[in-house]
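**Student:** structure here, sequence nowhere to be found:
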């Protein structure tokens, strides 16, 4: 097992391996098809993210195929800018069960950034073409 700033991470050699990381995540819609939601990741891989949402944070869940922006807040040192994983993704699975709501995302594009601690996703720039590039 590999240690990442106090978070336990499973390691593996397969291309689709998922890393069990519990990190704060904010989901927004570049096309404004749903309201922003807060959650916690259950696992992350190169191609996807599974996010658990509380009932308070998700009055209405997005539909399958919806373009979504996921910003995952990564562990940082106290005096440094906050590192984030900024992803454009497509909703591929939605669990609507009360008390266990979750969204599975297929990542289309990702980038690592450093932001001021506590910045909201809406404060982060999104290239204008990014939202249109993945519309189906």
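**Tutor:** That came through fine. Here the structure is a predicted model, which is why all the values come from computation and not from measurement.

**Student:** what's the burial count for the nearest residue to residue 115 once chain neighbours are set aside?
**Tutor:** Distances taken as CB to CB, 6 or more residues apart in numbering put residue 82 closest to residue 115, at 5.4 Å, once the chain neighbours are dropped. For the C-beta atoms, the positions are set from N, CA and C on the backbone; glycine is no exception. Number of residues near residue 82 (other CB atoms under 10 Å) recorded here: 16.

**Student:** thinking residue 82 is in contact with residue 113, fair?
**Tutor:** No - applying CB atoms under 8 Å as the test, residue 82 and residue 113 come out as separate, 9.1 Å apart.

**Student:** quick revisit: gap between the residue nearest to residue 115 and residue 66?
**Tutor:** The gap separating residue 82 from residue 66 is 27 Å, by CB to CB, to the nearest Å.

**Student:** and what of residue 47?
**Tutor:** Counting by CB to CB - residue 47 and residue 66 are separated by 17 Å.
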